[in-house]
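Trainee: model the structure of this input:
(one chain, ligands or ions: 1)
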Amino acid sequence: IKSEDSSHKQRGGFTKDDILKFLGCFFSGLTVLLLIIMLFCTKRKKEEAQVEAAAKSAAVEYNITKPAYMPTNFKTAPPPIIKSEFSTASAVVPSSLVVLTSPEVSGIRFENLLMAPAELLGRGKHGSVYKVFSEEMGTTLAVKRIKDWTISSSDFKQRLQRLDRVKHPNVLPALAFYSCRQEKLLVYEYLQNGSLFKLLHGSQAGKTFDWSSRLDIASSVADGLAFMHQELRGDGIAHGNLKSSNILLTKNMEPYISEYGLMLDSQDPSFAASVNSNKEKGEDANQAIFRVDVYAFGVILLELLTGKLVQGEGLDLANWVISVVREEWTSEVFDKILIQEGASEERMVHLLQIAIKCVDRSQEARPSINEIAAMLSTLKEDEDKSMDISGFTSTSIFERSP
Ligand SMILES: Nc1ncnc2c1ncn2[C@@H]1O[C@H](COP(=O)(O)OP(=O)(O)OP(=O)(O)O)[C@@H](O)[C@H]1O
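Mentor: Sure thing, here's the model as predicted:
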């Protein structure tokens, strides 16, 4: 047989041995390949299970609820993984963020935000805000994940592009946004001095937040709001959710109105009532929301004057102030720190009168934001003049850099 085989080989064909060797090699190669595929699949399954477990535990962490107006100057959870919250969406959607304003964030992608370390700053009625540090860009951003806003992606995009064309130094512009059916994100510059809410009621509340600085903030916010109302009246876009946690402070402690035009708080009792009464009078509901902003601004003025917390859409604070003033105990409403500081009672009463007009139950009785801005500017001028005369120098946390 051997000699037959070798003669066969010599003739250029394959011997039986050759065929057996070839088959042996083929099957062992196939087995190795199958083993590699199996190993790869098991590893992947294991990784997926780990990711799922991490997502579940992070979701539990994020479920920490906070009362609507609780100060948020503390870490609610260890640096969380936004990825776990967004991972479902990121798997199925295109990933570019629409960059509106800042060249610093151009090129930023949805995935970059998912991967960056993030810290939960707080949960509001309309979503959660995360502080996100992007190593790639070397910037810290605030990312708002909007909850339950049924606006379509194209309307959302249109609205943000419209808002981007209206700029005021006291209104914080969105830098970028992301929108798909499952997710709506807004990207802002992160402001490390926090909000007016925090300044009034947070851990710094004991520090001097003097009368003149409060007046400056009130006047600048009124100017920003007046400008936005004027520019966006035709589009029917008011702020819709004005409150002290949406007034952020720059490093020079200048106020920035944030989230303008992004959430219409139709839960506001004054809004619901006004829409009905305006319908009866044939007035456009779109215009009623501008008067809701005036009410909300009045509540902020009351917070600045009294140093007290707002609850229940500002109704309780407004009612309390009105009842105290009615009893002619006006000086009782003012923040004790302002009294101790020796702030002018005349000007405080003047500001209180403006605030009370803003929170009038009847919308028609409320002044327009333009009128309010003009009144506040006069009040501020009076205050500045009196400070010049007395040679008073501020020693508050509001010492501004030149
Ligand atoms: N750009 C930002 N820089 C720094 N802090 C921010 C920024 N944007 C929001 N915050 C803070 O993050 C916290 C959570 O904000 P969020 O807007 O979710 O809460 P809210 O204003 O109470 O609720 P909502 O606006 O949903 O009704 C607030 O303390 C807010 O001041």
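
Trainee: residue of the stretch 101-250 of the chain with the smallest distance to the ligand?
Mentor: Nearest residue of the stretch 101-250 of the chain to the ligand: G124, at 1.7 Å (Cβ to the nearest ligand atom). In short, each C-beta sits where N, CA and C put it, glycine included.

Trainee: in the stretch 51-200 of the chain, where is pLDDT below threshold?
Mentor: Applying pLDDT under 70 to the stretch 51-200 of the chain flags the ranges 51-96, 101-107, 136.

Trainee: rerun that using 50 as the cut-off
Mentor: Within the stretch 51-200 of the chain, the stretches with pLDDT under 50 are 51-94.

Trainee: for the stretch 201-350 of the chain, same thing?
Mentor: Across the stretch 201-350 of the chain, the ranges flagged by pLDDT under 50 are 266-269.

Trainee: residue boundaries of the helices in it?
Mentor: 211-232, 269-280, 285-306, 315-326, 336-341, 345-358 (DSSP state H, counting those that start in this stretch).

Trainee: picking up where we left off before, so what's the backbone phi/psi at the residue of the stretch 101-250 of the chain closest to the ligand?
Mentor: phi -110, psi -170 (degrees, to the nearest 10).

Trainee: show me which residues of the stretch 101-250 of the chain sit near the ligand.
Mentor: Residues of the stretch 101-250 of the chain lying close to the ligand by Cβ under 6 Å from any ligand atom are 121-129, 142, 188, 190-191, 194-195, 241, 245-246, 248.

Trainee: related to what we said a few turns ago, ok, the residue of the stretch 101-250 of the chain closest to the ligand touching K243?
Mentor: No. The criterion here is Cβ atoms under 8 Å, and G124 misses it with K243 at 9.2 Å.

Trainee: still on that earlier bit, would you turn the helices of the stretch 201-350 of the chain into a markdown table with mean neighbour count?
Mentor: Shown next, in a markdown table, are the helices of the stretch 201-350 of the chain (neighbours: other Cβ atoms under 10 Å):
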| stretch | mean neighbour count |
| --- | --- |
| helix 211-232 | 22 |
| helix 269-280 | 16 |
| helix 285-306 | 23 |
| helix 315-326 | 16 |
| helix 336-341 | 14 |
| helix 345-358 | 18 |
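
Trainee: possible to save those as CSV with distance to L379?
Mentor: Formatted as CSV, the helices of the stretch 201-350 of the chain follow (distance: least, Cβ to Cβ, whole Å):
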stretch, distance to L379
helix 211-232, 6
helix 269-280, 25
helix 285-306, 11
helix 315-326, 18
helix 336-341, 14
helix 345-358, 6
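
Trainee: and of those helices, who's closest to N252?
Mentor: Comparing those by their distance to N252 (Cβ to Cβ), the top pick is helix 211-232, with 11.1 Å.

Trainee: what's the closest one packed up against?
Mentor: Helices and strands touching helix 211-232, by 3 or more Cβ pairs under 8 Å, 6 or more residues apart in numbering; DSSP states H and E, are strand 255-257, helix 285-306, helix 336-341, helix 345-358, helix 369-390.

Trainee: mind putting these in a markdown table, distance to the ligand included?
Mentor: A markdown table is the format used below for these (distance: least, Cβ to the nearest ligand atom, whole Å):
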| stretch | distance to the ligand |
| --- | --- |
| strand 255-257 | 8 |
| helix 285-306 | 11 |
| helix 336-341 | 22 |
| helix 345-358 | 20 |
| helix 369-390 | 20 |
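
Trainee: would you format those as a markdown table with distance to E327 included?
Mentor: Formatted as a markdown table, those follow (distance: least, Cβ to Cβ, whole Å):
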| stretch | distance to E327 |
| --- | --- |
| strand 255-257 | 32 |
| helix 285-306 | 15 |
| helix 336-341 | 18 |
| helix 345-358 | 14 |
| helix 369-390 | 25 |
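
Trainee: wait, which of those is closest to L33?
Mentor: strand 255-257 (60.8 Å).

Trainee: let me know the secondary structure of R145.
Mentor: Following DSSP: H, G, I helix; E, B strand; the rest coil, R145 is assigned to strand.

Trainee: just use 21 as the starting number from now, easier for me
Mentor: All set: I'll call the first residue 21, so the last point we hit is now R165.

Trainee: burial count for it?
Mentor: Residues contacting R165 under the criterion other Cβ atoms under 10 Å number 18.

Trainee: gap between it and V186?
Mentor: R165 sits 24 Å away from V186, going by Cβ to Cβ, to the nearest Å.

Trainee: on that earlier part again, with neighbour numbers in mind, choose between G144 and K263.
Mentor: K263 (23 against 20).

Trainee: list the contacts for the more buried one?
Mentor: Under the criterion of Cβ atoms under 8 Å, 6 or more residues apart in numbering, the neighbours of K263 are F217, A316, V319, I320, V330, G334.

Trainee: tell me the one of those residues nearest F153?
Mentor: Among these, and counting by Cβ to Cβ, the member closest to F153 is F217, at 23.2 Å.

Trainee: and the helix or strand the closest one falls within, what other elements does it pack with?
Mentor: Using DSSP states H and E, F217 falls within helix 216-221. Applying 3+ Cβ pairs under 8 Å, 6+ apart, one finds that helix 216-221 contacts strand 267-269, helix 305-326.
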